[in-house]
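Asks: No sequence on hand, only this structure:
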């Protein structure tokens, strides 16, 4: 048995030496390297877990511009009209002030080819009418001055008569006073003569003389009283005449002054009508200038809404769109409301533009290829129609330039960079569903320090 066993062993050893596959399949006498690989991978994994990872928020958006005037804008017609002639076609580049098209009139009130000349004639006629009214007002003013002068002299004449009449009244009053004194003397003499006549001291003829003297004195007093009353009545009549003169001239002056004010009012109405006509003339001139639609800025003509000659354009209707040349590009991103508190002005953002190849490592932005840098410049405080908040991101001047072939409306995937944390922390945060760490930009930190 032993001899047979030794023979089998010999045959097995000989078979091992002669067959190569046997040594490759059976690893009984070889040492395994799996443990080394496992330990190596474990160590590498632990090292990777402690590598820095940049937390980020992803958002989708599109290419836009930083300023409103750099965005595609509609070119509208201010007045209604029909297309008479096109000066450009779609795709053409125009400069500011270039003529896009010419419109024709469609409103009946503006069909007159010499409308502006007729309006100028109306203005001239109104100006001549105003001159006539001004002349009439000046004439009325001169009439008023003449009447005032005539009234002045008339009143001075009446005042002189009143003064003379007053002097006459004073003289008549003195004469009446003297006659009254004489009458008193005649009365005493008459009464004394009557007593003496009864006593027989004087004759009847002497008594009759004294009585006649008394009666003459009494008649003179009555006459002077009547004369004084007449003088006073004439004085009153002169005063009444003076009031009549004042009233008469007041009526005449008021009438002339009313005519003067009517002339001035007509002149003022004419001036108002001239202003209105001049306004119409300016509007006509401005309307004629609006027949030519001009480019508001440099750009490319796109999306013509009307094409044929003779087509009618309504007031405010869009004609074409102009895409400005060389705009300051920006990207508008839409951020979820839950991510909005993590966004701030001045924060860095990385972009991947549609149509440009890129290899992205979101946690290692410096090692990514084909991404471009940006800085958040504006954050809207009102939610958009899609339920997200809109932010504007401008080109970062410290990063490489954005592609020259960017176009309006192109897609862009944004990666807002937050805080740098170890990879193990980021894995733990994602497993537990915690939000990223709050980020404060360097600009805001500097402002807080200044405060």
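Replies: All right, it came through fine. Owing to the predicted nature of the structure, the values given are computational and were not obtained by experimental measurement.
Asks: now the stretch 251-400 of the chain, which segments are flagged as low pLDDT?
Replies: 357-370 (pLDDT under 70).
Asks: Identify all contacting residues around stretch 398-410.
Replies: Stretch 398-410 is contacted by residues 62-65, 71-72, 323, 327, 329, 351, 353-356, 372-374, 395 when judged by Cβ atoms under 8 Å, 6 or more residues apart in numbering. (Glycine included, C-beta is placed from N, CA and C.)
Asks: Endpoint to endpoint, it covers what distance?
Replies: With Cα to Cα, to the nearest Å applied, stretch 398-410 spans 23 Å between its terminal residues.
Asks: all strands of the stretch 151-300 of the chain, in order?
Replies: 292-294, 299-302 (DSSP state E, counting those that start in this stretch).
Asks: Throw these into TSV and include mean neighbour count and distance to residue 177, thanks.
Replies: Below are these laid out as TSV (neighbours: other Cβ atoms under 10 Å; distance: least, Cβ to Cβ, whole Å):
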stretch	mean neighbour count	distance to residue 177
strand 292-294	17	103
strand 299-302	18	113
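Asks: Of those strands, which is nearest residue 237?
Replies: strand 292-294 (83.6 Å; Cβ to Cβ).
Asks: Check which helices and strands the closest one sits against.
Replies: Counting contacts by 3 or more Cβ pairs under 8 Å, 6 or more residues apart in numbering; DSSP states H and E, strand 292-294 packs against strand 99-104.
Asks: any idea which element the spatially closest residue to residue 288 that is not a sequence neighbour lies in?
Replies: Of all residues not flanking residue 288 in the chain, residue 116 sits nearest, at 7.8 Å (Cβ to Cβ, 6 or more residues apart in numbering). Assigned by DSSP states H and E, residue 116 falls within helix 115-199.
Asks: now residue 122: how far from residue 59?
Replies: 64 Å (Cβ to Cβ, to the nearest Å).
Asks: who's more crowded, these two?
Replies: Between residue 122 and residue 59, counted using other Cβ atoms under 10 Å, the more crowded position is residue 59 (23 against 14).
Asks: The more buried one contacts residue 333, correct?
Replies: Yes: applying Cβ atoms under 8 Å, one finds residue 59 in contact with residue 333, separated by 4.3 Å.
Asks: joint contacts of the two?
Replies: With Cβ under 8 Å, 6+ apart, residue 59 and residue 333 have common neighbours residue 414.
Asks: residue ranges for the strands of the stretch 351-451 of the chain, please.
Replies: 372-383, 389-395, 411-422.
Asks: Next, the angle strand 389-395 makes with the lengthiest strand in the chain.
Replies: Scanning the chain for the longest strand, with DSSP state E as the assignment, gives strand 52-65. Angle, strand 52-65 to strand 389-395, by axes from the mean of the first three to the mean of the last three Cα atoms, to 10 degrees: 90 degrees.
Asks: low pLDDT regions in the stretch 1-150 of the chain?
Replies: In the stretch 1-150 of the chain, residues with pLDDT under 70: 1-32, 53-56.
Asks: before we move on, the earlier item: list the contacts of the residue nearest to residue 288.
Replies: Residue 116 sits in contact with 281, 284, 285, 288, where contact means Cβ under 8 Å, 6+ apart.
Asks: which residues touch the third one?
Replies: By Cβ under 8 Å, 6+ apart, the contact list for residue 285 reads residue 116.
Asks: That one and residue 49, how far apart?
Replies: Counting by Cβ to Cβ, the gap from residue 285 to residue 49 is 78 Å.
Asks: Please apply the same query to the first one.
Replies: When distances are taken as Cβ to Cβ, residue 281 and residue 49 turn out to be 83 Å apart.
Asks: Can you check the pLDDT for the residue nearest to residue 234 when sequence neighbours are not counted?
Replies: If the residues on either side of it in the chain are set aside, residue 234 comes closest to residue 165, at 5.5 Å by Cβ to Cβ, 6+ apart. The model reports residue 165 with a pLDDT of 87.
Asks: What of the one 4 residues further on?
Replies: At residue 169 the predicted local distance difference test score is 86.
Asks: Ok, residue 430 next?
Replies: The per-residue pLDDT of residue 430 was computed as 68.
Asks: From what I see, residue 206 and residue 192 are in contact.
Replies: No: the pair residue 206 and residue 192 does not pass the contact test of Cβ under 8 Å, sitting 11.4 Å apart.
Asks: spatially speaking, which residue is in the middle of the protein?
Replies: By Cα atoms, centre = their mean, the chain has its centre lying nearest to residue 78, at 19.1 Å.
Asks: With residue 119 as the reference, measure out to that one.
Replies: 21 Å.
Asks: got a list of what residue 315 touches?
Replies: 77, 78, 79, 80.
Asks: Doesn't it lie inside a strand?
Replies: No: using DSSP: H, G, I helix; E, B strand; the rest coil, the assignment for residue 315 is coil, not a strand.
Asks: looking at this, residue 84 is in a strand?
Replies: Yes: per three-state DSSP, residue 84 lies within a strand segment.
Asks: Now the buried members of the contacts of stretch 398-410.
Replies: Buried subset of the contacts of stretch 398-410 (neighbour count, 16 or more other Cβ atoms under 10 Å): 63-65, 72, 323, 327, 329, 351, 353, 356, 372-374, 395.
Asks: What residues of stretch 322-341 count as buried?
Replies: 322-324, 327, 329-335, 339-340.
Asks: List the contacts of stretch 217-227.
Replies: By Cβ under 8 Å, 6+ apart, stretch 217-227 touches 172, 175, 176, 179, 180, 182, 183, 185, 186.
Asks: Count the residues that sit near the residue nearest to residue 183 when sequence neighbours are not counted.
Replies: With Cβ to Cβ, 6+ apart as the criterion, residue 183 has its nearest non-adjacent residue at 4.3 Å, and that residue is residue 217. Around residue 217 there are 21 other residues, counting by other Cβ under 10 Å.
Asks: I'd like the distance between residue 217 and residue 171.
Replies: In terms of Cβ to Cβ, residue 217 sits 19 Å off from residue 171.
Asks: picking up where we left off before, quick check, distance from the helix holding residue 116 to the centre of its chain.
Replies: 64 Å (Cα atoms, centre = their mean, to the nearest Å).
Asks: Could you check how many residues crowd around residue 422?
Replies: 14.
Asks: Over to the one 5 residues further on?
Replies: Residue 427 has 12 neighbouring residues, counting by other Cβ under 10 Å.
Asks: Now do the same contact list for it.
Replies: Residue 427 neighbours (Cβ under 8 Å, 6+ apart): residue 49.
Asks: One more: residue 79?
Replies: By Cβ under 8 Å, 6+ apart, the neighbours of residue 79 are 103, 287, 290, 315.
Asks: Which phi and psi values does the last one adopt?
Replies: Read it as residue 315. Backbone torsions of residue 315, given as degrees, to the nearest 10, read phi -60, psi 130.
Asks: any idea how far it lies from residue 178?
Replies: In terms of Cβ to Cβ, residue 315 sits 103 Å off from residue 178.
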